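Participant: my questions are about this predicted structure, shown below with the sequence.
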Amino acid sequence: MISVSHLTKQYGDLTVLKDISTEIKKGEVISIIGPSGTGKSTFLRCLNRLEEPSGGTIRINGVDLLGRTTNVSTLRQQMNMVFQGFNLFSHLSVLENLTIAPIKLRGTPVAQAEAKAMDLLRLVGLGEKAESFPDELSGGQKQRVAIARCLAMDPDIILFDEPTSALDPTTVSEVLAVIRRLARDGMTMVIVTHEMDFARDVSNRVFFMDEGLIYEEGTPEQIFDQPQREKTRAFINRIRTVSWRIASPDYDLYAMNADIEAFSEKHMLPKALRQKLLLIVEEGLQLHAPFLGAAALNLSVGYAEKTDAIELVWESVGPAANPIDRAQLADDMGLRLIENMTEGLTYERTGETNRLSMRMRR
Ligand code: ADP
Ligand code: MG
């Protein structure tokens, strides 16, 4: 139905879409997830030419969408979009919001347009609101009107750009329920969303966007349970990282501790975890102390919000330096402490790199 090949989009020097190629088939429901600023909206907007792509091709039902003769207005009817901010006409009633485009753009007779609009309003649960004005509706109701308005143009495909992110949390589910219903009815949809549970159960394919690409794609099971690539994993498991470069034995431990506190605060780490983390970092630094003169040490702490797991990785590039080699330790008090609080404690040397990794025990 839609075929995208080598789509690119630049804003001046900023490359937002680097190289996007994909096929979307009739009846598919595709969720697009990814950090903000990675071009998800831009991709949708290029699909229906609210933005002019910088390069590449998009074909819908075989028709070149970027062709000069392509009628953009017809195209937008085929591929209609629902926005985060509803974009309803506030001076028109709900019913008129649904009928204006069919009447004005298509020449549909008023009575016919109204009958259809009423059917669609009932479909989204808002048959009683036909005479209301947008201002009289909740966010969830407005968004359902926007979906009905979109359906009034008989689109082949609907593009949703974060349809629930402007909503009061209490009205999110009513909008998601309507989208689920459309999915069951076989509507082809591309949905940019932050609602992971929803993305998981509504879609048959998930695109994870990053670096201006569809960085990883797969079934919901593949993306949510077994993401293959690093950035996908970090996003799915909501891994937050913080890192330090410890350049000499005279590093500022107080500043580091303050950073750890701030990081813990920001990500709401449980109190017990914070205390342990501070202790592990301090003991880990002790273990590395003999080597600090020879090479700078890099410490990165990753916290997976989804699982509450914390991983610490200590790396230095230089002479071999195994901080957990008992034969080299004057006493192993610190090491034993770390062993008690962590699991998966491993030292590896790869090329010139020393790497000590550990996960905090829960
Ligand atoms: P997402 O929807 O994934 O959050 P967007 O597609 O909105 O990302 O934006 C991707 C990048 O493109 C961002 O860095 C944003 O600042 C930039 N961008 C979006 N629209 C414009 C524009 N009209 N002019 C310049 N830069 C833009
Ligand atoms: Mg966006």
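Facilitator: In hand now; what should we look at? Ligands and ions are numbered 1, 2, ... in the order given.
Participant: identify the residues contacting the closest residue to T307 other than its chain neighbours.
Facilitator: Among residues not flanking T307 along the chain, N237 sits closest, at 6.5 Å (CB to CB, 6 or more residues apart in numbering). Just so you know, the C-beta spots here come from the backbone N, C-alpha and C atoms, and that holds for glycine as well. The neighbours of N237, taking CB atoms under 8 Å, 6 or more residues apart in numbering as the test, are 304-307.
Participant: and the helix or strand hosting E23, what's buried?
Facilitator: Assigned by DSSP states H and E, E23 belongs to strand 14-24. Neighbour counts over strand 14-24 (16 or more other CB atoms under 10 Å) mark 16-17, 20, 22, 24 as buried.
Participant: measure the residue lying closest to S138 once chain neighbours are set aside to ligand 1 for me?
Facilitator: Among residues not flanking S138 along the chain, T171 sits closest, at 5.4 Å (CB to CB, 6+ apart). From T171 across to ligand 1, the span is 22 Å (CB to the nearest ligand atom, to the nearest Å).
Participant: the stretch 1-150 of the chain: strands as residue ranges?
Facilitator: With strands called from DSSP state E, counting those that start in this stretch, the stretch 1-150 of the chain shows them at 2-11, 14-24, 29-33, 55-60, 63-64, 79-82.
Participant: let me have those strands in TSV, extended by distance to ligand 1 and mean pLDDT.
Facilitator: Below are the strands of the stretch 1-150 of the chain laid out as TSV (distance: least, CB to the nearest ligand atom, whole Å; pLDDT from 0 to 100):
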stretch	distance to ligand 1	mean pLDDT
strand 2-11	3	95
strand 14-24	4	96
strand 29-33	8	97
strand 55-60	16	92
strand 63-64	23	85
strand 79-82	13	93
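Participant: pick the most deeply packed of these.
Facilitator: For the strands of the stretch 1-150 of the chain, the largest average neighbour count (mean count of other CB atoms under 10 Å) is found in strand 29-33, namely a mean of 25.
Participant: name the helices or strands packed onto that strand?
Facilitator: helix 40-47, strand 188-192, helix 196-202, strand 205-210 (3 or more CB pairs under 8 Å, 6 or more residues apart in numbering; DSSP states H and E).
Participant: out of the ones you listed, nearest to ligand 1?
Facilitator: helix 40-47 (3.2 Å; CB to the nearest ligand atom).
Participant: send the alpha carbons of that closest one over as PDB?
Facilitator: Taking Å, rounded to 0.1, in the frame of the first residue of the first chain, the C-alpha atoms of helix 40-47 are listed here in PDB:
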ATOM      1  CA  LYS A  40       8.800  10.400  14.300                       C
ATOM      2  CA  SER A  41       6.500  13.400  13.600                       C
ATOM      3  CA  THR A  42       8.600  14.500  10.700                       C
ATOM      4  CA  PHE A  43       8.300  11.000   9.200                       C
ATOM      5  CA  LEU A  44       4.500  11.100   9.500                       C
ATOM      6  CA  ARG A  45       4.400  14.600   8.100                       C
ATOM      7  CA  CYS A  46       6.500  13.600   5.200                       C
ATOM      8  CA  LEU A  47       4.200  10.700   4.500                       C
END
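Participant: which residues touch that helix?
Facilitator: Applying CB under 8 Å, 6+ apart, the contact partners of helix 40-47 are 2, 4, 7, 9, 16-17, 20, 32-34, 51-53, 58, 65, 79, 81, 159, 161-162, 190, 192, 209.
Participant: redo that, cut-off 7 Å
Facilitator: Here helix 40-47 makes contact (CB atoms under 7 Å, 6 or more residues apart in numbering) with 7, 9, 16-17, 20, 32, 34, 51, 53, 58, 79, 81, 159, 161, 190, 192, 209.
Participant: specify the beta-bridge partners of I157.
Facilitator: Listed by DSSP bridges, the beta-bridge partners for I157 are M79, T188.
Participant: and the next element down the chain from whichever strand or helix holds L159?
Facilitator: Secondary structure assigned from DSSP H and E places L159 in strand 157-161. Where DSSP H and E defines the elements, the next helix or strand beyond strand 157-161 is helix 169-184.
Participant: flag every buried residue along that following helix.
Facilitator: Neighbour-count burial for helix 169-184, counted by 16+ other CB under 10 Å, picks out 171-172, 174-176, 178-179, 182-183.
Participant: just to revisit the earlier point, quick check, the residue nearest to S138 in contact with R144.
Facilitator: No - counting by CB atoms under 7 Å, T171 does not reach R144; the two are 9.1 Å apart.
Participant: give me the pLDDT value at the residue nearest to S138.
Facilitator: pLDDT for T171: 90.
Participant: make 212 the first number, not 1, from now on.
Facilitator: Got it, the first residue is 212 from now on, which makes the last one we talked about T382.
Participant: identify the residues contacting it.
Facilitator: 349-351 are the contacts of T382 under CB under 7 Å, 6+ apart.
Participant: so among the residues you listed, which ones count as buried?
Facilitator: For the contacts of T382, buried by 16+ other CB under 10 Å: 350-351.
Participant: out of the contacts of T382, which one sits closest to D461?
Facilitator: The nearest member of the contacts of T382 to D461, counting by CB to CB, is G350 at 54.8 Å.
Participant: doesn't P380 make contact with the closest one?
Facilitator: No - with contact defined as CB under 7 Å, G350 does not count as touching P380 (10.1 Å).
Participant: which bits of the stretch 212-361 of the chain sit near ligand 1?
Facilitator: Contact residues (CB under 6 Å from any ligand atom) of the stretch 212-361 of the chain with ligand 1: 222, 225, 227, 247-253.
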